[in-house]
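Engineer: I'd like to go over a predicted model; first the sequence, then the structure.
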Number of protein chains: 2
Amino acid sequence: MSEPAESETAFRFKLLHQDGAARAGVISTPRGEIRTPAFMPVGTAATVKAMQPEAVRALGADIVLSNTYHLMLRPGAERIAALGGLHRFMNWPHPILTDSGGFQVMSLAKLRKLDENGVTFQSHIDGARHVLTPERSMEIQDLLGSDIVMQFDECVRLPCAPGEAERAMRLSLRWGERSKRALAPKSGRALFGIVQGGDDKALRRESATELVSMGFDGYALGGLAVGEPQAVMLDMIETVMPFLPVDKPHYLMGVGTPDDLLQSVKRGIDMFDCVMPTRAGRHGLVFTRHGRINLRNARHADDPAPIDEKSSCAAARIYSRAYLHHLVKASEILGMILMTTINLAYYQELMAGMRAAIAEGRFEDFAAETEALWREGESLSGRASA
Amino acid sequence: MSEPAESETAFRFKLLHQDGAARAGVISTPRGEIRTPAFMPVGTAATVKAMQPEAVRALGADIVLSNTYHLMLRPGAERIAALGGLHRFMNWPHPILTDSGGFQVMSLAKLRKLDENGVTFQSHIDGARHVLTPERSMEIQDLLGSDIVMQFDECVRLPCAPGEAERAMRLSLRWGERSKRALAPKSGRALFGIVQGGDDKALRRESATELVSMGFDGYALGGLAVGEPQAVMLDMIETVMPFLPVDKPHYLMGVGTPDDLLQSVKRGIDMFDCVMPTRAGRHGLVFTRHGRINLRNARHADDPAPIDEKSSCAAARIYSRAYLHHLVKASEILGMILMTTINLAYYQELMAGMRAAIAEGRFEDFAAETEALWREGESLSGRASA
């Protein structure tokens, strides 16, 4: 494996175009450029599930996300560091953003105990006891060799008990400060703060304002797409956006459906990650220009049509729906590979379409056309029954 | 998908070189040539598990095997025919050999009832009742569009009760005759007979003699690698070989390890299929020039070395053993993809090595060098503990 030598390139965001609130730009890092709006495929355990890294790249990904929580448990951050870092380990020489572990500790670990210092928890893999603090999260992300490091935060599910969103938001601010102090400066490496505050506009504003006064290289919105309606999520984006610096990347964590991406870019988001295209692909659900198709449905069993004959993705053009249906029913790995490929291709095609539309000042038209195609396809294919 | 138009090319085996009993040649079919000795990756359910067909081809496969039994149950032979045949269905425009279903009915189906007419059995998938006869097996293989059709046979496990091997051998001869009568002649399509007879030399000789007198396009040895020691299998090959025509392909069904392939080619076998490289790859066992490596073993957890830095297979050169170990432990699909790739690459590399050695009259030397490398690697890596 050849890994580009790290140059002294600084981490830099350049805003190239604006069209309404939608933005197109480019993030420069020592490991390469990230065209925004960007979708980051999720490589939880140092692999984008069912995909070879060359294929992830070829489909248009400039950056992938990986997870502090999973990698600290298996195979261990110190081990990855000794093996030359995460990029070498997973054969992805391009930029990597690492989540800080806060979200996964809440959603996956057993027997959590949270206090001011951090979180003590049991591994979901073997029950072993671990402690994660802002300082340890920064150390792990440093050991991994992450290009974009996320602050350690606490994320609450929505709806949450009164006071919970505020308590977690204030704790996340203190942890943000500790994260910033703990992470040694390194040329070209970025640290992003995470705006919390649940579905409370005042809390979200306060969180954003405080983080910006500390000064981060980019700003994420965390704790969204955790159970609330899309309208609430979009409302929170609109609420926060005026308080974020225009010259820093805006990252909406863990989102979402193609429509979520379209609506969020429209409101000024630059970066996304989500397991949706990969997870759905492993379960027979594909996203296309014409909406969703559930290949598990028996009505595809005799259908010789491909997923999308005009797709830039060979898998979407070559294989019949009947064959994909067969692979899903037989739980064949090739089905997971092909449908993950089709989904990542569509997500990247959608991002590329948005970037081009923003550059050409026709984002509203692009969004309207895209939505019309989704609706048309889904009414034709009977989405309710799919 | 583009599929080459079927020309009127006949099915033809051309013997190019002999070196001792080892043979190198080429089988011509309307869908392309098959260089022999050939290893056929197994595509049981219309997919070589965990592999994209382009990759199977790129690793050197001229032909793949698929299964009457599996495809008749799911998705159904008539359905595949209506979708344009198996080649189009699975995006493999090159030759396909289909097994007749006899072996899988014995090894997989529930509640079998066998009589002169055929086998009645319950599907291992949903318990539905099916009947397979020589005539129906031929019909299914015709519907699939198979290039090399196998006669319907009965295969017994070894060791077997007295008289069982003889009874099954004679039944298989009668089924061979019925298979021949049932399959309509089609230009370029081959029908192979299957030599049975368990581990009894006299039965094997009689089976071979009778089949040859009926006249098939190729001859397979069935009912081997079903529990007997390798020495017995090789003894059966040596016993049968003098009774098979030199101008027809000799196919050893369901075999085997790299050493089985080497020893069998040495004795005049031209074709093989086996789930070993694909199944082992999905479970973390890889085959290399230096013997076997079990990536599940904890001693690989910190090993930065690749599988084989001199391999022609990128997956064997690029990824560390530590990473492959991690993927196996985490049950990641990428691990299955990479290790299946590494194994199929090695199997095809071994076949190519044998073909070149036979052509140059140095098969014995090639075999000795190959075996020495296996032994050396396995003693270095402590195979017993791997």
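Structural biologist: Yes, it's here.
Engineer: name all residues that make contact with residue A:356.
Structural biologist: Contact analysis of residue A:356 by CB atoms under 8 Å, 6 or more residues apart in numbering or on different chains lists residue A:366. (Each C-beta comes from the backbone N, C-alpha and C, glycine too.)
Engineer: any idea which helix or strand carries it?
Structural biologist: For residue A:356, the host element (DSSP states H and E) is helix A:333-359.
Engineer: now do that helix against helix B:333-359, angle only.
Structural biologist: Interaxial angle, helix A:333-359 versus helix B:333-359 (axes from the mean of the first three to the mean of the last three CA atoms, to 10 degrees): 120 degrees.
Engineer: name the residues of helix A:333-359 that are buried.
Structural biologist: Of all the residues in helix A:333-359, those buried under the rule 16 or more other CB atoms under 10 Å in any protein chain shown are A:333-351, A:353-355, A:357-358.
Engineer: C-terminal to it, what's the next element?
Structural biologist: Taking DSSP H and E, what comes next after helix A:333-359 is helix A:363-380.
Engineer: got a list of contacts for that next one?
Structural biologist: A:19-20, A:22, A:258-259, A:262, A:265-266, A:288-292, A:350, A:353-354, A:356-357, A:386.
Engineer: please repeat the previous calculation with a cut-off of 10 Å.
Structural biologist: For helix A:363-380, contacts defined as CB atoms under 10 Å, 6 or more residues apart in numbering or on different chains pick out A:17-24, A:258-259, A:262-263, A:265-266, A:287-293, A:308, A:350, A:353-358, A:360, A:362, A:383-384, A:386.
Engineer: quick check: angle from that helix to helix A:333-359?
Structural biologist: 150 degrees.
Engineer: which parts of helix A:363-380 are buried?
Structural biologist: Per 16+ other CB under 10 Å, helix A:363-380 contains these buried residues: A:363, A:366, A:367, A:370, A:374, A:377, A:378.
Engineer: same list, those residues, but as JSON lines with distance to residue A:297 please.
Structural biologist: Listed next are the buried residues of helix A:363-380 as JSON lines, based on distance: CB to CB, whole Å:
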{"residue": "A:363", "distance to residue A:297": "34"}
{"residue": "A:366", "distance to residue A:297": "30"}
{"residue": "A:367", "distance to residue A:297": "28"}
{"residue": "A:370", "distance to residue A:297": "24"}
{"residue": "A:374", "distance to residue A:297": "18"}
{"residue": "A:377", "distance to residue A:297": "14"}
{"residue": "A:378", "distance to residue A:297": "13"}
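Engineer: quick one: low-confidence parts of chain A?
Structural biologist: By pLDDT under 70, the weakly predicted segments of chain A are A:1-8, A:380-386.
Engineer: skipping its backbone neighbours, what lies nearest the residue of it positioned farthest from its centre in space?
Structural biologist: Distance to the chain centre peaks in chain A at residue A:302, reaching 35.4 Å (criterion: CA atoms, centre = their mean). Leaving aside its sequence neighbours, residue A:302 sits nearest to residue A:322 (CB to CB, 6 or more residues apart in numbering or on different chains; 5.7 Å).
Engineer: on that earlier part again, surely the residue farthest from the centre of chain A and residue B:84 touch.
Structural biologist: No: the pair residue A:302 / residue B:84 is not scored as a contact, 11.6 Å apart, by CB atoms under 10 Å.
Engineer: list the residues that are in contact with both of the two.
Structural biologist: What both residue A:302 and residue B:84 touch, as defined by CB under 10 Å, 6+ apart, is the set A:320, A:322.
Engineer: contacting chain B as well, which ones from the buried residues of helix A:333-359?
Structural biologist: Intersecting those with the surroundings of chain B, defined as CB under 10 Å from any CB of the partner chain, gives A:333, A:334, A:335, A:336, A:337, A:338, A:340, A:341.
Engineer: tell me the secondary structure at the one residue sitting closest to the centre of chain A.
Structural biologist: Among the residues of chain A, the one closest to the centroid is residue A:273, at 0.9 Å (CA atoms, centre = their mean). Put simply, residue A:273 is strand when judged by DSSP: H, G, I helix; E, B strand; the rest coil.
Engineer: dump the residue contacts of the residue nearest to residue A:302.
Structural biologist: With CB under 10 Å, 6+ apart, residue A:322 has these contacts: A:295, A:300-305, B:75, B:79-80, B:82-84, B:89.
Engineer: same check, this time on residue A:325
Structural biologist: A:284, A:293-303, A:335, B:75.
Engineer: restricted to helices, list the residues you listed.
Structural biologist: residue A:335 (DSSP state H).
Engineer: just the buried ones from the contacts of residue A:325?
Structural biologist: Among these, the ones that count as buried by 16+ other CB under 10 Å are A:284, A:293, A:294, A:295, A:297, A:300, A:301, A:303, A:335, B:75.
Engineer: show me what from the stretch 1-150 of chain A comes close to chain B.
Structural biologist: Residues of the stretch 1-150 of chain A lying near chain B (CB under 10 Å from any CB): A:1-2, A:43-55, A:70-71, A:73-76, A:79-80, A:82-84, A:88-91, A:125.
Engineer: how far away from the center of its chain is the helix holding residue A:356?
Structural biologist: Computed by CA atoms, centre = their mean, to the nearest Å, the chain-centroid distance of helix A:333-359 equals 14 Å.
Engineer: hang on, residue A:254 packs against residue A:227?
Structural biologist: No: Residue A:254 lies out of contact with residue A:227 (CB under 10 Å); the separation is 11.6 Å.
Engineer: just the terminal-to-terminal distance for stretch A:352-368.
Structural biologist: For stretch A:352-368, the first-to-last residue distance is 16 Å (CA to CA, to the nearest Å).
Engineer: how far away from the center of its chain is it?
Structural biologist: Distance, stretch centre to chain centre, for stretch A:352-368: 21 Å (CA atoms, centre = their mean).
Engineer: coming back round to it: closest to residue B:153 among the contacts of residue A:322?
Structural biologist: Closest approach between the contacts of residue A:322 and residue B:153, by CB to CB: residue B:80, at 22.5 Å.
Engineer: quick one: classify the closest one as helix, strand or coil.
Structural biologist: helix.
Engineer: domains of chain A?
Structural biologist: For chain A, the structural domains run A:12-273, A:281-385, going by automatic domain parsing.
Engineer: what's the end-to-end length of the first one?
Structural biologist: Put plainly, it is domain A:12-273. End-to-end distance (CA to CA), domain A:12-273: 20 Å.
Engineer: all helices of the stretch 1-150 of chain A, in order?
Structural biologist: Remark: helices assigned in the stretch 1-150 of chain A by DSSP state H, counting those that start in this stretch are A:53-58, A:68-73, A:77-82, A:86-89, A:102-107, A:134-144.
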